[in-house]
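For reference, the sequence and a predicted model appear below.
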Amino acid sequence: MSADSVARWNAIPMVRDETSDSSPNKRPGSDDDVSLVSRSPSPPSQSDAMEIDKYDEYNRKPEHEVITVETKINSSNKGFTMLAKLGWVEGQPLGLAGDGRVEPIPFVLKNDSTGLGKTNQDVRMIESTVSTRRGLDSERQTKETEEQRRAREESVAKREAVRSEISTVLKAFYCELCDKQFKTVGQYDEHTNSYAHHHKARFRDMQAAQKVTFGGQEELDKRKEKERKREEKELRKLAKAVGIKMAKPPTVLAAPP
């Protein structure tokens, strides 16, 4: 390094002079703390800013038409145009008889599972049924003519004859042991082969055998009375052996026949 370079290097001061750094192009120190965002220019304010909830007012499109269940179709409707080509006139009912609806069909929320119009049909049937009281048989008989009375009596006689004939035919399928009436051969055979029928039959045979063995109910009562006297006699012997005195039972006189 030459002597001149060393001299210039040594001439540089080691402490910075604040006054020497001032420059006409440099901004004052108070602006150094301001952020870059605040230095950028703000956009011009718009007094007529569009609001989000009023989009339909600012959006240029055809006017929104509010349609309800009472709104009739207008001439711009395709269905209106097709009906007009077929000869329909606005405000006139449809159908050959000309008795159709003119006003729009109202929208009714249907909560049940029946078909369309079924509820109205049921209401009409109920109203027609309960509007007039059903006449009693006695009232109808007082108003009937001689021919109607004769026809009614003949109908009753025919029903009684049929019922009597059916009862006669079904007597063959009646079980006297079980007191049951059957209508077909299959039902009667199934019953006679059942356990319940045979059980009652065996019980009846057992009762008949007991009557033959013991001589009927009278003989059975005599045997019970004899057994009672024997037990009473044995009891008296035991009481006498112990020293207990028992009173004699009252004598029951037999009722005259």
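Yep, it's here.

Tell me where the stretch 101-250 of the chain has helices.
Remark: helices assigned in the stretch 101-250 of the chain by DSSP state H, counting those that start in this stretch are 118-130, 137-143, 146-169, 185-192, 195-214, 216-242.

Of the ones you listed, which is nearest residue 176?
helix 195-214 (10.6 Å; Cβ to Cβ). In this view, the C-beta of every residue, glycine as well, is placed from N, C-alpha and C.

Show me the contact partners of the closest one.
175, 177-178, 191, 217, 220, 223 (Cβ atoms under 8 Å, 6 or more residues apart in numbering).

give me that answer again for 10 Å
With contact meaning Cβ atoms under 10 Å, 6 or more residues apart in numbering, helix 195-214 is reached by 175, 177-180, 190-192, 216-217, 219-223.

relative to helix 216-242, how tilted is that helix?
With axes from the mean of the first three to the mean of the last three Cα atoms, to 10 degrees applied, the angle from helix 195-214 to helix 216-242 works out at 60 degrees.

Tell me the buried residues in helix 195-214?
Residues residue 197 are the ones in helix 195-214 that count as buried (16 or more other Cβ atoms under 10 Å).

okay, the angle between that helix and helix 185-192?
50 degrees.

I'd like the average pLDDT over helix 195-214.
For helix 195-214, mean pLDDT rounds to 85.

Then stretch 70-90?
Average pLDDT, stretch 70-90: 87.

First-to-last residue distance for that stretch?
In stretch 70-90, first residue to last residue: 16 Å (Cα to Cα, to the nearest Å).

Return the distance of that stretch from the chain's centre.
Remark: stretch 70-90 is offset 44 Å from the chain centroid, using Cα atoms, centre = their mean, to the nearest Å.

May I see the buried residues of it?
Going by neighbour count (16+ other Cβ under 10 Å), the buried part of stretch 70-90 is residue 83.

what's that stretch in contact with?
65, 67, 91-92, 94, 102-104, 106-107.

can you do 8 Å?
The contact list for stretch 70-90 (Cβ under 8 Å, 6+ apart) reads 94, 103-104, 106.

Report the separation between residue 197 and residue 203.
Separation of residue 197 from residue 203 (Cβ to Cβ, to the nearest Å): 11 Å.

Residue 117 too?
Going from residue 117 to residue 203 by Cβ to Cβ gives 64 Å.

Low-confidence ranges, the stretch 101-250 of the chain, go.
Along the stretch 101-250 of the chain, the parts satisfying pLDDT under 70 run over 214-217, 249-250.

try 80
104-110, 210-220, 242-250 (pLDDT under 80).

on that earlier part again, among the contacts of helix 195-214, which ones are buried?
Neighbour counting with 16+ other Cβ under 10 Å marks none of the contacts of helix 195-214 as buried.

The residues you listed: which two are farthest apart?
Among the contacts of helix 195-214, 190 and 222 lie farthest apart (Cβ to Cβ), at 44.5 Å.
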